[in-house]
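**Student:** with the input below, show me the fold.
(chains A and B)
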Amino acid sequence: MNETIEKRHMGLRASRALSNTIIYILLIIMSVIWLIPFVCIVLQSFRCESTWQVGYVIPQQWGFDNYVRLWQTNFPRWYLNTFIIALVVAALQTIIVLCMSYTLSRFRFRARAGLMRFMLILGMFPGMLAMIILYRVLDDLGLTGNNSLPGLILVYVASSGMGYYVSKGFFDTISKSLDEAARIDGATRAQVLTKIILPLSKPIVIYTILTGFMGPWGDFVFARYVSQLKPLGMNVAVGLQSWLATDTMTFNNYTLFCAGGVVVALPVALLFMFLQKYYVEGVTGGAVKG
Amino acid sequence: MKRYSDLEFLRLSKGQKFLYKLIAFFASIPRAVANFFIGIGRFFKKLGVGIATELADVVSTFAKGDWKTKLSYVVMGFGSIARGQVLRGLLFLIFELVFIFYMVTSGGYWMSMLPSLGKIGPHEEYNAILDTHYPVYGDNSFKILLYGVLTIFFIIAFIYTWRLNVKQNKIAQEYEKAGRKLKSGADDLRSLVDEQFYKTLLALPLLGIVIFTVMPIVFMILVAFTNYDGAHNGYSNQLFTWVGLENFRTMFSWDVGGVNYSATFGEVLTWTLIWAFFATFTNYFLGIFVAMMINKKGIKLKKMWRTILILTIAIPQFISLLYVSRMFSINGLVNGALQALHITSTPIDFWGTPKLARIMVIVINIWIGIPYLMLIATGILMNIPADLYESTRIDGANAWQQFSKITLPYMLFITGPYLLTSFTGNMNNFNVIYLLTGGKPTNIAASGAAGSVGYTDLLITWLFKITTGSDTKYYLASVVGIMVFVVVSVITLIVYGLLPSVKNEEDFQ
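**Tutor:** Residues are numbered from 1 along each chain as shown, chains lettered A, B, ... in the order given. This next block holds a predicted model:
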């Protein structure tokens, strides 16, 4: 009797060990697939013997040539552009999104339901349609081409109120009895927000800043249209993409693209990894609340 | 179709249950569609009734009003000032003055030009002194349409404010009659950080949305009814004008100058739906699967696995996707490796054939999409009570049964709305397609339609090509955009009606 139980136990343990081994193998394979492109891009950015695309990964001649060359192009300017845009957008967008989401979470006013439905419907229109007219308007204001920085910031920030869902979901989870207690003690609505709710909302504030900061690094559609590929008005995404788009056998920037990609991805990815916790909270909360 | 009661349903066999549910699902689609149209009808009925009651109230307020109220119908804010609410009254008055000034100086002009979108195009005039012809620019159709829309917005805002002004007078008059004290300007200001704090908070975000989202969308919807394109840019070459439903007719006809637009549209739409389906569900199930693997008891280094996967979120897509796209090109790394390992002798053209290119974008999208789903699924999986698994294990359920009976239903129930938004999000997933293939390989048969459409083009990338390509047909882009909206909204509304858990937002508070 005892023996059979022992046997079954061993069988269970063996099958668990087997399934865990399979999982480890799968996870290792996945990790390799996920990492290969990033390892390759780093390796190729150090290649010095040629600047075009080749079919092998390990450079025959190592060196920092591409990074040095990067410095001589307009890349530093693009980098600065993107950095400024990202900083300003992160700050302003956070204020706008928090205003919007806090209001929709806490106040029950007459137009509320209609407003939310309206924005839901608005979100179903492809935003790309607005591009043509926004470009023409910005052009009239002189905010395109080499001066596209303020124009881009304006457009990114102005429409950011639509993305209130995640932080509204967060505010919904903060108990309303806190507000009511403070109101009974004589606090105004504004004081409730600044003194009670905001100190509790650190995770969502960081999430909003993080997404606001990362967005401009990746935008190449609108930024490309607004900057019209003028050298001083581009951001890194537009610039690097234009290098790859004009990449031919005679005029090639392939390794330059790799080096630029590394320089852009490194700080952004590090920042993201550093604040990962907040991002995960935001994303999971947002999906559960729909 | 026969409807079973709960008891009868339970008595059915597994296959019958599945069949019954399947039939029930399809049977409910017509009702959902009908509900959709009934909903639209109801909306307009509500709108009509609303306007009628407002009008009735305006008339009755005038009939019952004293002379202060009556004068306020013409001089906005007069009643408020006369009754001591100076701040409110002044705001009304200033708004009215600004409105009149705007309408007289420019608004009237834009409105008068709106029906024609400009009369005098660019032309040449003769200069007698220099004895030459020189070009003269006439009206600007684009500006007329733009400022026309703005003026209409302004007029609507004025009507709303005027109505508010009338309502104010009515209330103030009632207060006076009852002998109650009216709110002072200081009270109004104080309430803006208290009871009406929401108005303060919403002012700026909503202003931004109206100017930079609503207005452009209204403008672009109107463009669908004009002939605005590269050759009619409304200023320097030719004016554009209203053409009615002509563009929609073009999009849905079989033969316009030898080009079959409706076939192209159908092809792109079909691929868009196929893509959205696979992109959503492959990511969904594989993401759950990966999350379960990492979460499994006894698996070590959980944080490291997650961090590796999250790399594709952390690194901007234009870098990772452009690079991956190059990896799979003819002289790229993948072909290099395949040849070095003697698996193939000639390079595979991953992006060259329609079928292979389509499979590739779906597969690479998995690479991009799994990490998101893994994060979301991890959060939800942790919320499933552990004793559910415990008790089913005692009852002898195996891992697959646990997954299909507990995990999956729970996930589907909670993430139903998310699945829907991610489906519509994938329909408009510009980045993945544009960065990986740019819509290629080109569809020769369909490329006669604007924007040289390719086999991997979604509606949204096609729209982009029409807008920015060599022959910019803005009116056609606008039609495509409207069709995207129609498809997305119809799918959303119908599926929303079918979802088991249309969330109750108060639940979590």
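
**Student:** B:Phe18: how many residues sit nearby?
**Tutor:** The local packing of B:Phe18 (other Cβ atoms under 10 Å in any protein chain shown) involves 11 other residues. In short, each C-beta sits where N, CA and C put it, glycine included.

**Student:** what of the one 3 residues further on?
**Tutor:** If you count neighbours by other Cβ under 10 Å, B:Lys21 ends up with 11.

**Student:** repeat that for A:Val236.
**Tutor:** Around A:Val236 there are 29 residues (other Cβ under 10 Å).

**Student:** got it, and A:Gly239?
**Tutor:** A:Gly239 - counted by other Cβ under 10 Å - has 26 other residues nearby.

**Student:** contact partners for it?
**Tutor:** A:74-75, A:78, A:260 (Cβ atoms under 8 Å, 6 or more residues apart in numbering or on different chains).

**Student:** show me which of the residues you listed are buried.
**Tutor:** A:75, A:78, A:260 (16 or more other Cβ atoms under 10 Å in any protein chain shown).

**Student:** what number of residues lie near the residue of chain B found nearest chain A?
**Tutor:** Per Cβ to the nearest Cβ, B:Gly336 is where chain B lies closest to chain A, at 2.3 Å. The local packing of B:Gly336 (other Cβ under 10 Å) involves 17 other residues.

**Student:** now it, nearest residue through space, not along the chain?
**Tutor:** The shortest distance from B:Gly336 to any non-neighbouring residue, by Cβ to Cβ, 6 or more residues apart in numbering or on different chains, is to A:Gly55 (2.3 Å).

**Student:** sorry, back to before: among the contacts of A:Gly239, which one lies nearest to chain B?
**Tutor:** A:Gly260 (8.4 Å).

**Student:** so which bits of stretch B:83-91 are buried?
**Tutor:** So, applying 16+ other Cβ under 10 Å, buried residues of stretch B:83-91: B:83, B:85, B:87-89, B:91.

**Student:** same deal with stretch A:79-87?
**Tutor:** If you call a residue buried by 16+ other Cβ under 10 Å, then stretch A:79-87 has these buried ones: A:79, A:81-83, A:85-86.

**Student:** wait, what's in contact with residue 134?
**Tutor:** Just going to use chain A. A:Leu134 touches A:155, A:222, A:226, B:212, B:216, counting by Cβ under 8 Å, 6+ apart.

**Student:** chain B, not that one
**Tutor:** Contacts of B:Tyr134 (Cβ under 8 Å, 6+ apart): B:124-125, B:127.

**Student:** on the pLDDT front, check the closest residue in space to B:Thr468 that isn't next to it in sequence for me.
**Tutor:** Excluding its sequence neighbours, the residue lying closest to B:Thr468 (Cβ to Cβ, 6+ apart) is A:Tyr225, at 6.9 Å. What the model reports as pLDDT for A:Tyr225 is 85.

**Student:** for the host helix or strand of B:Leu22, packing partners?
**Tutor:** Using DSSP states H and E, B:Leu22 maps to helix B:14-64. Here helix B:14-64 touches helix B:67-72, helix B:141-178, helix B:474-498, going by 3 or more Cβ pairs under 8 Å, 6 or more residues apart in numbering or on different chains; DSSP states H and E.

**Student:** out of those helices, nearest to B:Phe252?
**Tutor:** Proximity to B:Phe252 (Cβ to Cβ) singles out helix B:474-498 among these, at 9.3 Å.

**Student:** so is the closest one next to chain A?
**Tutor:** Yes: remark: helix B:474-498 sits within contact range of chain A at B:474, B:477-478, B:481, B:484-485, B:488-489, B:492, by Cβ under 8 Å from any Cβ of the partner chain.

**Student:** who are the neighbours in contact with B:Leu458?
**Tutor:** Contact analysis of B:Leu458 by Cβ under 8 Å, 6+ apart lists B:268, B:271-272, B:275, B:427-430, B:433.

**Student:** and those near chain A, which?
**Tutor:** B:428, B:430.

**Student:** format the contacts of B:Leu458 as JSON lines; extra columns: pLDDT and secondary structure.
**Tutor:** Converted to JSON lines, the contacts of B:Leu458 look like this (pLDDT from 0 to 100; DSSP: H, G, I helix; E, B strand; the rest coil):
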{"residue": "B:Val268", "pLDDT": "88", "secondary structure": "helix"}
{"residue": "B:Trp271", "pLDDT": "91", "secondary structure": "helix"}
{"residue": "B:Thr272", "pLDDT": "92", "secondary structure": "helix"}
{"residue": "B:Trp275", "pLDDT": "93", "secondary structure": "helix"}
{"residue": "B:Met427", "pLDDT": "88", "secondary structure": "helix"}
{"residue": "B:Asn428", "pLDDT": "87", "secondary structure": "coil"}
{"residue": "B:Asn429", "pLDDT": "87", "secondary structure": "coil"}
{"residue": "B:Phe430", "pLDDT": "88", "secondary structure": "helix"}
{"residue": "B:Ile433", "pLDDT": "90", "secondary structure": "helix"}
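
**Student:** residues touching the residue of the stretch 1-150 of chain A found nearest chain B, list them.
**Tutor:** Closest residue of the stretch 1-150 of chain A to chain B, Cβ to the nearest Cβ: A:Gly55 (2.3 Å). By Cβ under 8 Å, 6+ apart, A:Gly55 lies in contact with B:331-333, B:335-337, B:339-340.

**Student:** buried subset of those residues?
**Tutor:** Buried among the contacts of A:Gly55 by 16+ other Cβ under 10 Å: B:332-333, B:335-336.

**Student:** name the helix or strand for the closest residue to A:Asn253 other than its chain neighbours, please.
**Tutor:** Of all residues not flanking A:Asn253 in the chain, A:Trp243 sits nearest, at 4.0 Å (Cβ to Cβ, 6+ apart). Using DSSP H and E, A:Trp243 maps to helix A:236-245.

**Student:** orientation of the very next helix or strand once past that helix relative to helix A:236-245 in degrees?
**Tutor:** Next helix or strand after helix A:236-245 toward the C-terminus (DSSP H and E): helix A:254-274. What separates the directions of helix A:254-274 and helix A:236-245 is an angle of 150 degrees, with axes from the mean of the first three to the mean of the last three Cα atoms, to 10 degrees.

**Student:** not counting helix A:254-274 itself, show me its contacts.
**Tutor:** A:38, A:41-42, A:44-45, A:47, A:50-53, A:66-67, A:69-70, A:73, A:75, A:79, A:82, A:210, A:213-214, A:217, A:236, A:239-240, A:243-244, A:247, A:279, B:307, B:310-311, B:313-316, B:319, B:322-323, B:326.

**Student:** thanks a lot, catch you later.
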